[in-house]
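S.K.: For reference, the sequence and a predicted model appear below.
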Amino acid sequence: AQKVTQAQTEISVVEKEDVTLDCVYETRDTTYYLFWYKQPPSGELVFLIRRNSFDEQNEISGRYSWNFQKSTSSFNFTITASQVVDSAVYFCALSEAETGNQFYFGTGTSLTVIP
Amino acid sequence: DAGVIQSPRHEVTEMGQEVTLRCKPISGHNSLFWYRQTMMRGLELLIYFNNNVPIDDSGMPEDRFSAKMPNASFSTLKIQPSEPRDSAVYFCASSFRKFWWAGVKNIQYFGAGTRLSVL
């Protein structure tokens, strides 16, 4: 069974629109971490954020914000006022205490921001 | 501070040839991961090491694939013999893992990847 599900395969938005990327995870562990990575067209994977299972505070970093809700097992990522440079594939990942430091990646959401 | 360094960036080879991919993790990191990325299968974990010891190689496709980490600053992923279906982007990542209850950082930092084409 998929531990991390990113149901949105591709999203297109017009520049300056807000966009939310969904991530749903599955774990029986009480201690775990959630991550978001960005993969721009150049190909490298860039770390964006890490969240632990004991901290449900939402986080904002500039135009990026993350909404962690344990009740729905979701860790959604919102980009406000999107820009062309936000065009990339975004991956959500889960790491559990029980299985060590192995990451379980979602299948990614490809975001295209149209100028 | 240098990130994870992978070489070569691109490799084109013919079916049946041996391919060796190299990775230098971030200094001080004690975990190293090899991933493969394809359109069909997405990001797949092939193998990972803690303190130079292979922990889980269940993702290695078959005996043609092997990985080594002779020391904390170097790892190789070898494919012998290579086949066209091995064509993919191979990523190396490293992280620092201490004790879970000590607030382990656990963030994986990725190299730029090696794009392998087997003809």
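M.R.: Looks like it arrived, so ask away.
S.K.: what's whatever residue of chain B ends up closest to chain A in contact with, if anything?
M.R.: At 4.0 Å from chain A, B:F110 is the closest residue in chain B, using Cβ to the nearest Cβ. (Glycine included, C-beta is placed from N, CA and C.) By Cβ atoms under 8 Å, 6 or more residues apart in numbering or on different chains, the contact list for B:F110 reads A:37, A:44-47, B:4, B:91-93.
S.K.: Point out where the chain drops to low pLDDT.
M.R.: You didn't pick a chain, so chain A it is. Low-confidence segments of chain A (pLDDT under 70): A:1, A:98-100.
S.K.: should've been chain B
M.R.: B:1, B:98-105.
S.K.: how about the residues of it that lie near chain A?
M.R.: Counting by Cβ under 8 Å from any Cβ of the partner chain, the residues of chain B close to chain A are B:31, B:33, B:42-43, B:45, B:48, B:50, B:55-56, B:89, B:91, B:93, B:95, B:97, B:100, B:104, B:106-113, B:115.
S.K.: So which of those residues are in helices?
M.R.: Under the assignment DSSP state H, the residues of chain B next to chain A contribute nothing to helices.
S.K.: Quickly find the element holding B:S27.
M.R.: Using DSSP states H and E, B:S27 sits within no helix or strand.
S.K.: Off-centre distance for stretch A:43-56?
M.R.: Put simply, stretch A:43-56 sits 8 Å off its chain's centre (Cα atoms, centre = their mean, to the nearest Å).
S.K.: buried ones in it?
M.R.: Residues of stretch A:43-56 classed as buried by neighbour count (16 or more other Cβ atoms under 10 Å in any protein chain shown): A:44-45, A:47-53.
S.K.: Contacts only, for A:E96.
M.R.: Per Cβ under 8 Å, 6+ apart, neighbours of A:E96: A:27, A:29, A:31-32, A:102, A:104.
S.K.: of those residues, list those near chain B.
M.R.: Among the contacts of A:E96, the ones lying near chain B by Cβ under 8 Å from any Cβ are A:31, A:102.
S.K.: For B:A72, state which of the contacts of A:E96 is nearest.
M.R.: B:A72 lies nearest to A:Q102 out of the contacts of A:E96, by Cβ to Cβ, at 19.4 Å.
S.K.: That closest one: how many residues sit nearby?
M.R.: 17 (other Cβ atoms under 10 Å in any protein chain shown).
S.K.: before we move on, what about B:Q80?
M.R.: With other Cβ under 10 Å as criterion, B:Q80 counts 13.
S.K.: Quick check, it in contact with B:M15.
M.R.: No. B:Q80 lies out of contact with B:M15 (Cβ atoms under 8 Å); the separation is 11.8 Å.
S.K.: ok so, going back, now the residues of chain B next to chain A: which count as buried?
M.R.: With burial judged by 16+ other Cβ under 10 Å, the buried subset of those is B:31, B:33, B:42-43, B:45, B:48, B:50, B:56, B:89, B:91, B:93, B:95, B:97, B:100, B:104, B:106-113, B:115.
S.K.: wait, what's in contact with A:Y64?
M.R.: Residues in contact with A:Y64 (Cβ under 8 Å, 6+ apart) are A:48-49, A:77-80.
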